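Asker: just the structure for this:
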Amino acid sequence: MKILSLSIWNKEQEKGVELMTIHDVTQFGYFQRSSVTEFLKFTAQFMADRTAPGERKSVKEKEYICHTLVKSDKIGGVLICDEEYPQRVAYSFLLKSLDDFLKKHPKSTWRNMPFPEVPEIRQQFDLFQDPRQADSITQIQGDLDETKVILYNTIEQVLERGEKLDDIVAKSENLSLTSKQFYKTAKSTNSCCNIL
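Answerer: Residues are numbered from 1 along each chain as shown. Reported below is the predicted structural model:
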């Protein structure tokens with residue numbers, strides 16, 4: 001699960017204007033990074049332009065998903081991540097990033113765009129790379145999934161033990177019959193030796 005790009009947009013006009021962007025393209029080869037960054041910028045602009053205030057969209061392209069959210073106050077965010085990244089966590093991160101951006105750069109300062117990275121948003125970007133670390137519900141779900149796997153393994157082990165115990169019980173029943181037969185045979189064989 002990986003976030004590739006977060007961008008924040010001014011949506012006061014129909015065509016969005018980029019306010020701030022953070023990219024992480026380290027998973028790509030050195031010579032591919034500039035092309036990937038261009039594609040991320042193009043996709044973010046494309047999605048920002050096609051999302052109206054008050055809307056949210058998620059569009060899948062191959063193994064990536066682009067989540068777009070534009071609040072009614074005409075500030076929007078575009079998050080591009082891989083398809084495994086949880087949608088609920090993606091939108092939580094978008095909302096938090098938009099709120100943090102507005103705290104640092106109120107609308108009255110938007111004439112000086114684009115803005116450099118906001119350190120708090122960069123920290124959140126790095127933290128949200130692992131949704132289990134950033135989101136308590138995702139962490140709890142992961143723990144539950146882990147517990148289910150452990151529980152299933154334990155049940156399988158008990159069943160295996162149960163089968164082994166059944167084999168032992170069956171063998172002991174056979175042994176008991178054999179022991180009884182041996183006792184009777186030994187008793188009848190030794191009866192000639194009894195002296196009264």
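
Asker: could you use CA atoms for every contact and neighbour count after this?
Answerer: Will do.

Asker: and stretch 10-26, average pLDDT?
Answerer: Averaging pLDDT along stretch 10-26 gives 88.

Asker: where are the low-confidence patches of this structure?
Answerer: For the chain, residues meeting the criterion pLDDT under 70 lie at 112, 134-176, 180, 183-184, 186-187, 190-196.

Asker: in it, which spans are helices?
Answerer: Ranges of helices in the chain, per DSSP state H, are 33-49, 87-104, 119-127, 131-134, 136-190.

Asker: got the CA positions of the fourth one in CSV?
Answerer: Listed next in CSV are the C-alpha coordinates belonging to helix 131-134 (Å, rounded to 0.1, in the frame of the first residue of the first chain):
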residue,chain,number,x,y,z
PRO,A,131,-2.6,3.1,6.8
ARG,A,132,-2.4,0.8,9.8
GLN,A,133,-0.1,3.3,11.6
ALA,A,134,-2.2,6.3,10.7
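
Asker: centre of the chain to it, how far?
Answerer: Remark: helix 131-134 is offset 8 Å from the chain centroid, using C-alpha atoms, centre = their mean, to the nearest Å.

Asker: now for it, which elements pack on it?
Answerer: helix 136-190 (3 or more C-alpha pairs under 8 Å, 6 or more residues apart in numbering; DSSP states H and E).

Asker: repeat for the first one
Answerer: Contacting helix 33-49 under the criterion 3+ C-alpha pairs under 8 Å, 6+ apart are the following elements: strand 3-10, strand 64-70, strand 75-82.

Asker: pull out the buried positions in that helix.
Answerer: By 16 or more other C-alpha atoms under 10 Å, the buried positions in helix 33-49 come out as 36, 37, 40, 41, 44, 45, 47, 48, 49.

Asker: contacts only, for the fifth one.
Answerer: Which is residue 44. With contact taken as C-alpha atoms under 8 Å, 6 or more residues apart in numbering, residue 44 is in contact with 7, 66, 78, 79, 80.

Asker: the last one and residue 69 touch, don't they?
Answerer: What that stands for is residue 80. No. In this structure, residue 80 is not within contact of residue 69 by C-alpha atoms under 8 Å, at 11.8 Å.
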